[in-house]
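Chemist: give me the fold of what follows.
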Amino acid sequence: MVNRHRAVAAAMCACAWAALAAPACATKPATSTCPPGFDLGPVARADFPSLPRSAAAIEAGLVDEAGILAGFDRYDKNTNGVICVQLSVGFQTNNRPFGQYLYNVSDDTSSAQS
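Modeler: Numbering: from 1, shown residues only. Now for the predicted structure:
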């Protein structure tokens, strides 16, 4: 049962993350448009594992960096290396398992670089 919870947590972490503060970007995200409410805005692939809650999930052994990046790639539909990230307090306050590790994410709306 514990392994099942860890697997669920790893999948959830790979799909959605939550952060306490926006990180300093290692690479400048491409010009993009994030939906209203995505308070952390566009986040580059290289910066995603270092977001506080993603890093906490890695440190807790729930997922590794490759899993975090696989989740990023799943949501980066236009493959420009940028997604929109939102800190969702609801994940933490609604007693959802592993909610303290989650973000709400969406692809940015910019077109892929040619």
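
Chemist: for this structure, which segments are assigned as helices?
Modeler: With helices called from DSSP state H, the chain shows them at 2-15, 52-59, 65-75, 89-93.

Chemist: worst mean pLDDT among those?
Modeler: When those are compared by mean pLDDT, helix 2-15 comes last with a mean of 46.

Chemist: I'd guessed Glu65 sits against Ile58; true?
Modeler: Yes. Counting by CB atoms under 8 Å, Glu65 does reach Ile58; the two are 6.1 Å apart. Placement of C-beta: from N, CA and C, glycine included.

Chemist: and these two? Which one has more around it.
Modeler: Taking neighbours as other CB atoms under 10 Å, Glu65 and Ile58 compare with Ile58 leading, 18 against 13.

Chemist: ok, now which ones touch the more buried one?
Modeler: 49, 64-65, 68 (CB atoms under 8 Å, 6 or more residues apart in numbering).

Chemist: from Tyr101, how far off is it?
Modeler: Distance of Ile58 to Tyr101, computed by CB to CB, to the nearest Å: 9 Å.

Chemist: go on, Asp73?
Modeler: 18 Å.

Chemist: before I go, just wanted to say thanks for your time.
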